[in-house]
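[1] With the sequence up front, the predicted model follows.
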Amino acid sequence: MNEPLSIIILAAGKGSRMKSQTAKVLHDISGRPMLYHIVKSALALTDDVTVVVSHQKEAVTAAIREHFESVTFVTQDTERFPGTGGALKNVAPRYDNVLVLNGDMPLVTPESLQGFLQGGADITMSIFDLEDPSGYGRVVISDVGVERIVEEKDANAAELTIRHVNAGVYAFRKSVLERYLPRLSNANAQGEYYLTDVIALARADGLSVEPLLVDEEHFKGVNSKADLAAAEVIMQRRIREKWMLAGVGMQLPETIYIDEAVTFEGECRLENGVRITGESRLVNSHVKAYSVVEESVLIDSDVGPMAHIRPASRIEGTHIGNFVEVKKSTLRGVKAGHLSYLGDATIDEGTNIGAGVITCNYDGRKKYETRIGKNVFLGSDTQVIAPCTIEDDVIVAAGTTVTSRHVESGVLLLSRAKIRKVEHFFYSFFGKERP
């Protein structure tokens, strides 16, 4: 059984290589900030998680608090104590074993961190071997373990040839941090306090520093938009594999996008090109090719192809066909086959929505609701001007514009202009002779 663990996540940096006004750790991967993913993994291992913040600290704190209440936030004084070593100056871990992670490693999982929890060394540090180690700190290893870590910008020519690189994750005895953090110096090219210098100090005093070889996929940092895209590919593969193993059928899964917060129940099927986002929940439903489901619930329904279910919709026992858009609406037992917009609507079972039906929910200033009862037939090209309530058992003829606020049960509603036919108008309008 592993000993109690404290986890510290370093998330204070600006991330200048992202070329963005948004703090690096707040860039989304699969619908959540990248920092969210690593905090979630950390909380699977311990109840003592501290996030060190500085740049855009209010935004970073708020983004994580939205999902996790138990996380502690500590602000780094980057003016007095810049660098990774400086980030730990004001952190007080609860337990004797301390794991230090980086907030730009969203692909770390609880399973990938198990190796740090098994050893008895004073320090365990992660390494991986790269054909091209550019951009990483080099790890000098001897028969007694890790000798030291050299940041690339401070490395000499010989050290730059080393392929062992620092993956940026460390496990310390708390006593090691308490002993060596006060001794760190910022006499280096960047004028920063490096956490990696603890390794050299500990080795000089004869403490054990063990390298732990990890795979690059889990410990790869995100430093640019290109890295962000590469991480997204990996995260999406994991999400799809997780749900396929749980019984979700996917056609051409590499073309399907699923947010981290999406859940599936029962037997669901996703066709190629589908996109499902937010905290959507699908139960025994079929989403057809190139459809989008955003922050909505689908139960015992089929959607698409090429349909758009916008946020706050609930679709139960319903058929949604191609080119149908549903927004903030509840549909129970409805058929909407094609080419319709249903916004801010509640529609009950047995109702048929014809092609081209629109709920006109916006007057330019405010949104209004439409309520449609059971067994209502809305003919093609019907416009329902909200606010409007249509009771059960109503037929609305094709081409009708419903302007009534209330349509009582059992009626036929018909609104059409009388057809006018002007003989030979075409020829006179264009100045042509009749044939």
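    Everything's here; your move. Residues are numbered from 1 along each chain as shown.

[2] CA only for contacts and neighbour counts going forward, please
    Fine.

[3] what domains does the record give for the chain?
    The chain is divided into the following domains under automatic domain parsing: 5-219, 225-413.

[4] Quote the end-to-end distance of the shortest one.
    Translated: domain 225-413. 55 Å (Cα to Cα, to the nearest Å).

[5] weakest of the domains of the chain by average pLDDT?
    Note on the domains of the chain: domain 5-219 shows the lowest mean pLDDT, a mean of 92.

[6] Take the domains of the chain and lay them out in CSV including distance to Gly431 and mean neighbour count.
    As requested, the domains of the chain are arranged in CSV below (distance: least, Cα to Cα, whole Å; neighbours: other Cα atoms under 10 Å):
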stretch, distance to Gly431, mean neighbour count
domain 5-219, 61, 18
domain 225-413, 33, 20
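
[7] Would you mind saying which of the ones you listed lies nearest Phe429?
    Distances from Phe429 to each of the domains of the chain were compared by Cα to Cα, and the smallest falls on domain 225-413, at 27.4 Å.

[8] how about the domains of the chain in CSV, adding distance to Pro435?
    Written out in CSV, the entries for the domains of the chain read as follows (distance: least, Cα to Cα, whole Å):
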stretch, distance to Pro435
domain 5-219, 64
domain 225-413, 34
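
[9] Ala121 versus Glu279, what's the distance?
    Distance, Glu279 to Ala121, using Cα to Cα: 42 Å.

[10] before we move on, back to that, of all the domains of the chain, which one is nearest Glu423?
    For those, the distance to Glu423 is smallest for domain 225-413, at 24.4 Å, taking Cα to Cα.

[11] starting at the chain centroid, how far to the closest one?
    Its chain's C-alpha centre and that of domain 225-413 lie 21 Å apart, by Cα atoms, centre = their mean, to the nearest Å.

[12] Spatially nearest residue to Asp302 (excluding sequence neighbours)?
    Excluding the flanking residues, the one nearest Asp302 by Cα to Cα, 6 or more residues apart in numbering is His286, at 4.6 Å.

[13] show me the contacts for the one you found.
    If a contact means Cα atoms under 8 Å, 6 or more residues apart in numbering, then His286 has 268-270, 301-303 as its contacts.

[14] Considering those, which is situated nearest to Asp77?
    The shortest distance between Asp77 and any of the contacts of His286, using Cα to Cα, involves Leu270 and amounts to 48.5 Å.

[15] Contact partners for the closest one?
    By Cα under 8 Å, 6+ apart, the contact list for Leu270 reads 248-251, 256, 286-289.

[16] so who does the residue nearest to Ala44 when sequence neighbours are not counted touch?
    Distances taken as Cα to Cα, 6+ apart put Pro110 closest to Ala44, at 6.5 Å, once the chain neighbours are dropped. With Cα under 8 Å, 6+ apart as the criterion, the residues that contact Pro110 are 41-42, 44-45.

[17] likewise Val422?
    No residues are in contact with Val422 under the rule Cα under 8 Å, 6+ apart.

[18] and if you look at Leu339?
    321-325, 355-357.

[19] Inside strands: which ones of those?
    Counting by DSSP state E, the contacts of Leu339 place 321-325 in strands.
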